[in-house]
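In: Sharing a sequence plus its predicted fold:
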Amino acid sequence: MSASTPLPRTEDTGEGAPAALPLDHREEWTALGAHRARLGPAHLRELFADDPSRAARYTLDVGDLHVDYSKNLVTDETLGLLRELAAATRVADLRDAMLRGDHINVTEDRAVLHTALRAPRGAVIENDGRDVVPDVHRVLERMGDFADRVRSREWRGHTGLPVRRIVNIGIGGSDLGPAMAYEALRPYTDRGLEFRFVSNVDGTDLHEALIDADPATTLFVVASKTFTTVETITNATAARGWLLDGLGEKPGGDAIAKHFVAVSTNTPEVEAFGIDTRNMFEFWDWVGGRYSYDSAIGLSLMVALGREQFLEMLAGFHLMDTHFATAPAERNLPFLLGLLGVWYGGFLDAHSHAVLPYSHYMSKFTAYLQQLDMESNGKSVQRDGRPVGWQTGPVVWGTPGTNGQHAYFQLLHQGTRFVPADLLGFANPAPDLPVSLESQHDLLMANLFAQGQALAFGKTAEEVADEGVPAELVPHRTFAGNHPTTTILADRLSPSVLGQLVALYEHKVFVQGAVWNINSFDQWGVQLGKVLAKRVEPALSEGADVPGLDASTASLVERYRSLRGR
Ligand SMILES: O=P(O)(O)OC[C@H]1O[C@](O)(CO)[C@@H](O)[C@@H]1O
C-alpha cells in the first residue's frame, strides 16, 4: 500500500527531501498566538455574560453523547482559528489515509486500521490489497462460539467441570482495555462467572488472582500481540505450572488445551508455549496494542458480556468512526476535543489533562486513556525525525468523582496549575442498581454539575465578603474560577455508549497527533527500560557483573542483594 499522505506546505531542507513546515512556523499557529494575546485574561464569567447563547451553541450531540464545551476558554474566533490550523496541517487527509489503510505508522511501516475491527460485515477495507473485514468477522464468529460455550457451561475443563473463573493474562493494551471495559460494563456481565485481570510481573498479582481459585474450573486467556512480552510470558508460565500442579498433571496431556487459550498475532510463539493453535484467536499487525481491545484481545470481555452485547459495543465504536470520517470539522467531536487540547497545550501552557468520570464503574477508564493518549502522543520528534518545538501529549490523569473531590480537587480549584478537565456522567444509573440506592445517583450527578460550575465561575472575593467572612479569610475562601471543563453526558453507561466514548478518545488522540505532526502509532519509548531490565536482572539474582552500570544503580543493586540476604 502507499506511504503516508504527503504533508502540506513544505520547506526545502537543502538535503534533498522537502520537510513539512514546522507547526510553529505556520501562519495559522502565529494567528492563534496573536489571538491568545488579544484574549488576555478573559474569564469564563465574561464569556458567558457577553454571549447569552453560548451555552446553547457550544454543545454537540453525537450518537448517545451530549457534549457541552461551553465552559472552555474559547470564543468563536478561537475555534475558527483552530479549525484553520487543522486544515493547514491536513488532519482530514491523514484521517482518510488511516481509514483507507495507508501505512501512516511510518516508523514501523504499518497500516493503522483499528476502525476495521468494528466495520460492519460487507464493508471493504484493504490492507496491502487484502480486504480485512471478512477476517475480522471470521475471528468474531470464533470468539462468539467460544464465548457461547463457556457461558453455557458447555466448555469443560480437564476433570469435566465447567469453567467458573477466567483469568486474563496480558499487559498494556492486552490488559487495560478488557479490564476497563469489564469493570465499566459489570451490570451486563454473567455474574455467575468470575473474572480476573493479571498484568503485573509482581508475583502478587497472579497470586491474588489464584488464591481462591480451583484449577479444575479456571481458564486462562493469555493475551499478547507479540507473545514475547516478558511480564505476560512469565505470568503465563507460572499459571501453567500452577494448573498442572493443581491437577496433578504433566505437560503433554489435554490439561493445557482445556484450560489455556491464546490471543495473539504470533502463531509460532503460541505453539512454542504449548497452547493448541485451535484455541488461538488471532489479530493483526495493523492493530496497535492500545487500540486493540475491540479485537480478539477483548475475548475475556466477550465471555463476560456475551457476543450480542460485545457486538453492540462494536456498533458504538463504529457510530463514532462514521461520525469522525464524515462530519465537517465544525461539528466533528474528535476534531473539537483534539483541537481544544492543542489550544491548551500550545497557548495556555497546560501540561496535564484530567478525565473525571462520575461513575464508579468507570474507575479504570482514565488508566486506560493514559496508555491510549500518552503512549500515542508522548513523542518529541516529528514524523520525519526532526525534533518538535511545541508541546505534544499532556499527562492524562484522574479518578472517579466524587472521590477525587476529596483528594486533589483542592489543587484544581485553588492551586497554581492550569488543568483542563473532562467531566463524564450518565443520566441513568446502572440497570441493576437496587431501587433503594437509586436516589444516590442524583447526588452523584449533582456533584458533577456543581464541580463544572465551581471550576468555571468560582467565587469572587466580593461574594465571599458578602457572606460575612472575616477579611483575613477572604483570600483563602475565594475561588478564581476560569478552569475549563468539557462535560460529556450520556443516557446510560451501556456497551454501545462505552464504544462511542472509547472511539471518541481514540480519534481525539489522532487529531492531536496529526496537528503536532508526530507518529501516534509507534512506542519506541518503552524499549530502553525493557532492555535494561533484562540486563539488570542477572545482577539481582546471581550477582552477575553488569558492564556499564552507573554508580547509583550499582549501589542500589548491591543494597537490594544485601537486603535479600545474598
Ligand atoms: O500485547 P503485547 O505484545 O504483550 O504488548 C503489550 C504492551 O506492550 C507495549 O508494547 C509497550 O508497553 C504496548 O504497546 C502493548 O500494549
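Out: Sure thing, it's come through. All of these numbers come straight from a predicted model, not from anything done at the bench. Residues are numbered from 1 along each chain as shown.
In: Report the contact partners of the residue nearest to the spatial centre of the chain.
Out: The centre of the chain sits closest to Leu369, judged by C-alpha atoms, centre = their mean, with a distance of 2.8 Å. Leu369 makes contact with 355, 396, 505, according to C-beta atoms under 8 Å, 6 or more residues apart in numbering. The C-beta positions use only the backbone N, C-alpha and C, and glycine is treated the same way.
In: Looking at the stretch 301-450 of the chain, which residue is nearest the ligand?
Out: Using C-beta to the nearest ligand atom, the closest approach of the stretch 301-450 of the chain to the ligand is made by Glu375 at 5.8 Å.
In: re earlier: can you give me the separation between the residue nearest to the centre of the chain and Gly398?
Out: Distance from Leu369 to Gly398, counting by C-beta to C-beta, to the nearest Å: 8 Å.
In: So for the two, which residues contact both of them?
Out: Val355.
In: hang on, the earlier thing: angles on the backbone of the nearest residue to the residue of the stretch 301-450 of the chain closest to the ligand once chain neighbours are set aside, please.
Out: Spatially, and ignoring its direct neighbours in sequence, Glu375 is nearest to Gln523 (5.0 Å; C-beta to C-beta, 6 or more residues apart in numbering). Backbone torsions for Gln523, taken as degrees, to the nearest 10, come to phi -160, psi 50.
In: coming back round to it: and the residue nearest to the centre of the chain, that one's in a helix?
Out: Yes - assignment of Leu369 by DSSP: H, G, I helix; E, B strand; the rest coil places it within a helix.
In: Read off the pLDDT value for it.
Out: As predicted, Leu369 sits at a pLDDT of 98.
In: to the chain's geometric centre, what's the distance from stretch 547-556?
Out: What separates the centre of stretch 547-556 from the centre of its chain is 35 Å, taken as C-alpha atoms, centre = their mean, to the nearest Å.
In: List of residues touching that stretch?
Out: So stretch 547-556 is contacted by 536, 539, 546, 557 (C-beta under 8 Å, 6+ apart).
In: Show me the two of these that sit farthest apart.
Out: Val546 and Val557 (7.8 Å; C-beta to C-beta).
In: any shared contact partners between the two?
Out: Joint contacts of Val546 and Val557 (C-beta under 8 Å, 6+ apart) are 536, 539.
In: What backbone torsions are found at whichever residue of the stretch 251-400 of the chain sits closest to the ligand?
Out: The stretch 251-400 of the chain approaches the ligand most closely through Gly289 (2.5 Å), counting by C-beta to the nearest ligand atom. Here is the backbone geometry of Gly289 (degrees, to the nearest 10): phi -50, psi -50.
In: who are the neighbours in contact with it?
Out: The neighbours of Gly289, taking C-beta under 8 Å, 6+ apart as the test, are 172-174, 225, 523.
In: can I get those in CSV with secondary structure?
Out: Formatted as CSV, the contacts of Gly289 follow (three-state DSSP):
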residue, secondary structure
Gly172, helix
Gly173, helix
Ser174, helix
Lys225, coil
Gln523, coil
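In: Okay, strands next: where are they in the stretch 101-250 of the chain?
Out: Counting by DSSP state E, counting those that start in this stretch, the stretch 101-250 of the chain has strands at residues 126-127, 130-131, 165-169, 194-198, 218-223.
In: returning to what we had before: quick one: which of the contacts of Leu369 sit in strands?
Out: Among these, the members found in strands (DSSP state E) are 355, 396.
In: What residues does this protein have near the ligand?
Out: Taking C-beta under 6 Å from any ligand atom, the part of the chain that reaches the ligand is made up of 171-174, 224-226, 229, 232, 289-290, 375, 523, 526.
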